[in-house]
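Peer 1: predicted structure and sequence below. I'll ask about it afterward.
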Number of protein chains: 2
Amino acid sequence: MTVTLKDIAREVGRSVTTVSRALDDYDDVSPETRALVRRVAAEMGYTPSSLAQRLQKQQAETIGLILPTFGPRFSDPFFSEFITGVGNQAADLGYDLLVSTRPPGESELQAYRQNVQGRRVDGFIVVRTRREDARIQYLRESGFPFVAFGRTEGENDFPYVDEDSQHGMQLLAEHLLELGHRRIGLIAAPTDLMFTQYRVQGLSQGLERAGIYLDDRLVRVGDLTQRGGYTQASLLLDLAVPPTAIVACNDLMAFGAMSAAQERGLEVGRDIAITGFDDIPMAEYSHPPLTTLHQPVYQIGEKVCLMLIQRLAGETLEEEHIILRPRLVLRQSSGGKRAGWVAAQPRKEVPGDR
Amino acid sequence: MTVTLKDIAREVGRSVTTVSRALDDYDDVSPETRALVRRVAAEMGYTPSSLAQRLQKQQAETIGLILPTFGPRFSDPFFSEFITGVGNQAADLGYDLLVSTRPPGESELQAYRQNVQGRRVDGFIVVRTRREDARIQYLRESGFPFVAFGRTEGENDFPYVDEDSQHGMQLLAEHLLELGHRRIGLIAAPTDLMFTQYRVQGLSQGLERAGIYLDDRLVRVGDLTQRGGYTQASLLLDLAVPPTAIVACNDLMAFGAMSAAQERGLEVGRDIAITGFDDIPMAEYSHPPLTTLHQPVYQIGEKVCLMLIQRLAGETLEEEHIILRPRLVLRQSSGGKRAGWVAAQPRKEVPGDR
DNA sequence: TTGAAAGCGCTAACAA
DNA sequence: TTGTTAGCGCTTTCAA
């Protein structure tokens, strides 16, 4: 059925070894043999068995990506974009991409172990890092190569790319303060996520510079979905004295928050400011368009993948730790552009990417 | 470094074969040996090399999924959910999932060929089928196992799961007609996609029952992104006599269309009806919430994957062809629920799934 | 310039 | 009950 080196060898009357070397362009093969072998190989439609090659090389030529999910309706646009970046880079460099999704916890860790021990992948990309990250701990202990998108609370003596959430949130704080907001609500993300720390800190530091302190009663934790944002925002809005601005830790929750506000008859961007984080493509087209912090997800995916493959190849990285500054994208949901409300163009190009 | 059968064999003073069989629970191994082997294996932290097992079995135990994308900002929530369904099912059945993203065209086809010929995957899941689908043609010709999500224009003599878009659109047509709409715009999807045919046909048939004919000038083609929806809707809305309803072929384009309408000062659901297709989680939380057709994407992913693996195992499928009826989900964007507008709960549970 | 032999880690047919 | 042998498809010494 499938053509192997042996088949070609038989056909051209040479040994398997010679055929192998001819195809690999070794210089100790006579030009005639080489030509003959190549022609016959092409005719027979030969393609090497990657399985065999990999067994021999002791390399899976595959990188693993296990996405942490909650529930089956996992549909974070953030990650489709990330996967695309990782996958394209991997493909360019001749690597395969193995993708799984697991809820955080034991089954997730088990998936890591299986892939490591079964040598299915050569390295991992770890996303959505946690303060104490069992995945990272495991990978470090086992000395298995990985690159993270995000940091942890421990020693970050591994290669990573992260965004400077703290800085981003400070920009946002300034923006909201400038607009006159003093009573600011926050929909945080699960507290075990590392970026939650940075984002909450960033916001509170930004506010404190102006002598404003984050009010505990105005801080809620959402699960990063629209529904979560909706639920938590509803609680904030139903307070006796609700906040005049709600900062959500990601765009999806911000959308949920907008929905909750609108349901209560509020005009987002006028009666209340709502902001997100990530700048997923949707953010430009929500109603009103969402003020948020932009991250070049696709590029981060590419970069993280490149770093990993460089590590695998034994190259030293120019930069082990990369921290990107998110860019504040002002749109109508924060009211910062009230003047141009209706006329403003939500479809404006986002520069910097690509 | 890594423990192999040989290491265990040396340790317990038995042959590699015996160790292998002991671990695989063959019944021709003495209880003592079995116990010993298992204990030592556990102690040494043995995990079989999947590479070696696969080479021996001549099976990659991996299924391939190549997502067609346009441009780097590929972030269709539809597909994250689909991947999750496929991936979880695959994992449950002991298969790996190989994911790539390619723009439709030659490089895409090449990716298929590489994976087939290099025997990297045992089968493929093909999504977003086209009227004339080179991928499917190739896979059929090479006799390579695959299951499609969608049909094609040719002979559909392969296993597939598809939704009955035609039926869905007819439901939608009835709904819009009932609301009094007569001048209905359509933002279709790229015409080479198979589902576009069904959706356009379904809509026009549904309308024709009431003697209404789709006006060519009100039909535009979008690229399935928000931006595309925005652009095409803008053109429709700027006509001398714009439509009173716009039907988009997927949710993302519907969001873009809403954005265009709102920018023109229209209140979606009152001044104009806008509808989508897919019912991605966002649809519930857009402003206004989107009337759309629900597809159980996660379940479809699971099902398609299960069918493929059953095929690979040589089992016969109970059903080779599965066609699901999408469910019309009425929300405010079509104006069908005007009465309850502000009070309506966008967070209502979507039954049927899970 | 070519080929024989060994080995990557595993499974399976067969013999003992 | 156990071990020997062979082989999956490939690469890489090493000898001819």
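Peer 2: Thanks, I have the structure now. Residues are numbered from 1 along each chain as shown, chains lettered A, B, ... in the order given.

Peer 1: which other helices and strands does the host helix or strand of A:I322 contact?
Peer 2: Assigned by DSSP states H and E, A:I322 belongs to strand A:321-324. On a contact count with 3 or more Cβ pairs under 8 Å, 6 or more residues apart in numbering or on different chains; DSSP states H and E, strand A:321-324 meets strand A:160-163. Placement of C-beta: from N, CA and C, glycine included.

Peer 1: what's the burial count for A:V12?
Peer 2: Here the number of neighbours of A:V12 (other Cβ atoms under 10 Å in any protein chain shown) works out to 18.

Peer 1: same deal with the one 4 residues further on?
Peer 2: Residues within reach of A:V16, counting by other Cβ under 10 Å, total 14.

Peer 1: kindly report the same for A:G211.
Peer 2: Neighbours of A:G211 (other Cβ under 10 Å): 8.

Peer 1: for the nearest residue to A:V127 once chain neighbours are set aside, what are its contacts?
Peer 2: Nearest residue to A:V127 in three dimensions, chain neighbours excluded: A:F149, at 4.7 Å (Cβ to Cβ, 6 or more residues apart in numbering or on different chains). Contacts for A:F149 (Cβ atoms under 8 Å, 6 or more residues apart in numbering or on different chains) come out as A:F82, A:I125, A:V126, A:V127, A:R128, A:T129, A:Y160, A:V161, A:D162, A:I300, A:V304.

Peer 1: quick one: which of the residues you listed is nearest to chain B?
Peer 2: The nearest member of those to chain B, counting by Cβ to the nearest Cβ, is A:F82 at 8.8 Å.

Peer 1: identify the residues contacting the strand holding A:I322?
Peer 2: A:N156, A:P159, A:Y160, A:V161, A:D162, A:E163, A:D164, A:Q295, A:P296, A:I300, A:K303.

Peer 1: before we move on, the earlier item: pick the one among the contacts of A:F149 closest to DNA strand C.
Peer 2: A:I125 (24.7 Å; Cβ to the nearest atom of the strand).

Peer 1: what is that closest one paired to in the beta sheet?
Peer 2: With DSSP bridges as the criterion, A:I125 is bridged to A:L65, A:V147.

Peer 1: what about it, how many residues nearby?
Peer 2: For A:I125, the count of nearby residues is 25 (other Cβ under 10 Å).

Peer 1: contacts only, for it.
Peer 2: With contact set as Cβ under 8 Å, 6+ apart, A:I125 has these partners: A:I63, A:G64, A:L65, A:V86, A:F146, A:V147, A:A148, A:F149, A:V304, A:C305, A:L308.

Peer 1: need the residues you listed in a markdown table with pLDDT, can you?
Peer 2: Output for the contacts of A:I125, formatted as a markdown table (pLDDT from 0 to 100):
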| residue | pLDDT |
| --- | --- |
| A:I63 | 97 |
| A:G64 | 98 |
| A:L65 | 98 |
| A:V86 | 97 |
| A:F146 | 98 |
| A:V147 | 98 |
| A:A148 | 98 |
| A:F149 | 98 |
| A:V304 | 98 |
| A:C305 | 98 |
| A:L308 | 98 |
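
Peer 1: returning to that earlier point: farthest pair in the contacts of strand A:321-324?
Peer 2: A:N156 and A:P296 (21.1 Å; Cβ to Cβ).

Peer 1: so between these two, which is more surrounded?
Peer 2: A:P296 (21 against 17).

Peer 1: confidence score at that one?
Peer 2: At A:P296, the pLDDT value in this model is 96.

Peer 1: that one and A:R327: what is the separation?
Peer 2: 9 Å (Cβ to Cβ, to the nearest Å).

Peer 1: circling back: who wins for neighbours among the contacts of A:F149?
Peer 2: Counting neighbours by other Cβ under 10 Å, A:V304 leads the contacts of A:F149 with 28 neighbours.

Peer 1: low-confidence ranges, the stretch 201-350 of chain A, go.
Peer 2: Within the stretch 201-350 of chain A, the stretches with pLDDT under 70 are A:336-350.

Peer 1: now it against DNA strand D: closest residue?
Peer 2: Residue nearest to DNA strand D within the stretch 201-350 of chain A: A:A313 (14.4 Å; Cβ to the nearest atom of the strand).

Peer 1: that residue: how many residues sit nearby?
Peer 2: Around A:A313 there are 9 residues (other Cβ under 10 Å).

Peer 1: kindly report the same for A:T17.
Peer 2: A:T17 has 12 neighbouring residues, counting by other Cβ under 10 Å.

Peer 1: that one looks like it's in a helix, true?
Peer 2: Yes. Counting by DSSP: H, G, I helix; E, B strand; the rest coil, A:T17 is found in a helix.

Peer 1: for it, give me its contacts.
Peer 2: For A:T17, the contact set (Cβ under 8 Å, 6+ apart) is empty.

Peer 1: what pLDDT does it get?
Peer 2: A:T17 is given a pLDDT of 94.

Peer 1: on that earlier part again, of the contacts of A:I125, which is the most crowded?
Peer 2: A:V86 (30 neighbours).
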